[in-house]
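Asker: Have a look at this prediction, sequence included:
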Amino acid sequence: MKNECSIVKDLLPLYEEKMVSAGTADFVEEHLRGCEACRKEYERVKEPPTPLPSGGKVPLMTLRRKLRIRRLQTVALTAVFVLALAVSALALLGAPIYLPYAEGLVTVGADGKEGLTLTFEEKITDFRYDFYDDPDDAGVAVCYLEIWTMPWDQWRNGGKERLSVTIPAQNKPIRLFYLPNDGGESICLARYDPEAENPLETDGETKGDIVLPRLVLGYYFLIAAAALTLAGAVWLFVRKRPKARIWVERVGLCPAAYLLSHSIVSGIRWATYSASRDLALILFLTLLLYCGFLLAQSLLYLKKEIREDNR
Ligand SMILES: [Zn+2]
């Protein structure tokens, strides 16, 4: 009897659809007359199928929505990476190239009592000067001058105007040093004292301090590398748990973006003479790349979901 029940239960859907032979139909009907359990099962089969809780059309809509999101994300991802590429190119083309001191690179003059006038060779793209208080000689204002050119300007050389600047007079004499930014000593270009009989002296024999490159970016690089390693280790632990895994990836992509940005902006060098410029560019590029990485990650998971939906 038990065995017959399971056969009848298997046949019920076909019987209901009238897709069984007359003999089988007779067999099922006879069994149903004598079996309470199978009669109940037959009542259940006869009921129309309950619709899906959210309606039959929704899975298709969800898939369509997912496809649309995927298309949007792909467009956004492309835009972000094109932008990141452009920023990287600008970073490389605008990287300062410092020059060893040479005669004629800078021409120093005095503008009466107003200050020092500097005129640069055509190839100089930009300059920067900073005052420091000389701890050994409080009566003198030490001024460090940095000048540089950029790959971009080296390519489109010629037809440019010479840069010039006036360094305003201080309330004490100025000693002007040239920073070669190549690990070498700074070179004294001029001494300027508007109160003196001969305000400007440019004998240039004095050498000054060695200015060392900043290593701060190297430390940031190491911190980011450590964070990425840590995230990788955590990922190995949680990779079987989808939710945690996604979050660990999101966090880990941040140092990854930083490391990539550093490599683009500063190469693999850790030492830099233009730390603040480099850092600003690295952070901006990190932000861009991080957005790109997040988009790529989300796209990847979405693709997986769509593939699973289609199964
Ligand atoms: Zn039965």
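Answerer: Everything's here; your move. Numbers count the residues shown, from 1 in each chain.
Asker: mind listing what's buried in the helix or strand hosting residue 283?
Answerer: Element membership of residue 283, judged by DSSP states H and E, is helix 275-310. For helix 275-310, the neighbour count (16 or more other CB atoms under 10 Å) marks 275, 277-279, 281-282, 285-295, 298-299, 302 as buried. Bear in mind the C-beta positions are built from the backbone N, C-alpha and C, glycine included.
Asker: elements contacting that helix?
Answerer: For helix 275-310, the elements it packs on are helix 58-93, helix 216-238, helix 242-266, judged by 3 or more CB pairs under 8 Å, 6 or more residues apart in numbering; DSSP states H and E.
Asker: what is the mean pLDDT for it?
Answerer: Averaged over helix 275-310, pLDDT sits at 88.
Asker: Stretch 98-118 now?
Answerer: 86.
Asker: With stretch 162-176 instead?
Answerer: According to the model, stretch 162-176 has a mean pLDDT of 88.
Asker: Look at it and report the distance between its end residues.
Answerer: 20 Å (CA to CA, to the nearest Å).
Asker: What of stretch 101-108?
Answerer: Stretch 101-108 has its terminal residues 14 Å apart, counting by CA to CA.
Asker: again with stretch 167-186
Answerer: End-to-end for stretch 167-186, by CA to CA: 18 Å.
Asker: what distance separates that stretch from the middle of the whole chain?
Answerer: Stretch 167-186 sits 36 Å away from the centroid of its parent chain (CA atoms, centre = their mean, to the nearest Å).
Asker: And it, what's buried?
Answerer: So stretch 167-186, judged by 16+ other CB under 10 Å, has buried residues 167, 169, 172-181, 185-186.
Asker: again with stretch 115-126
Answerer: In stretch 115-126, counting by 16+ other CB under 10 Å, buried: 115, 116, 117, 118, 120, 123, 124, 125.
Asker: circling back: of all the helices and strands packed on helix 275-310, which one comes closest to the ion?
Answerer: helix 58-93 (35.5 Å; CB to the ion).
Asker: mind listing what's buried in that closest one?
Answerer: Residues of helix 58-93 classed as buried by neighbour count (16+ other CB under 10 Å): 70, 73, 77, 80, 81, 84, 87, 88, 91.
Asker: wait, the last one sits on residue 265?
Answerer: What that stands for is residue 91. Yes: judged on CB atoms under 8 Å, residue 91 makes contact with residue 265 at a distance of 4.8 Å.
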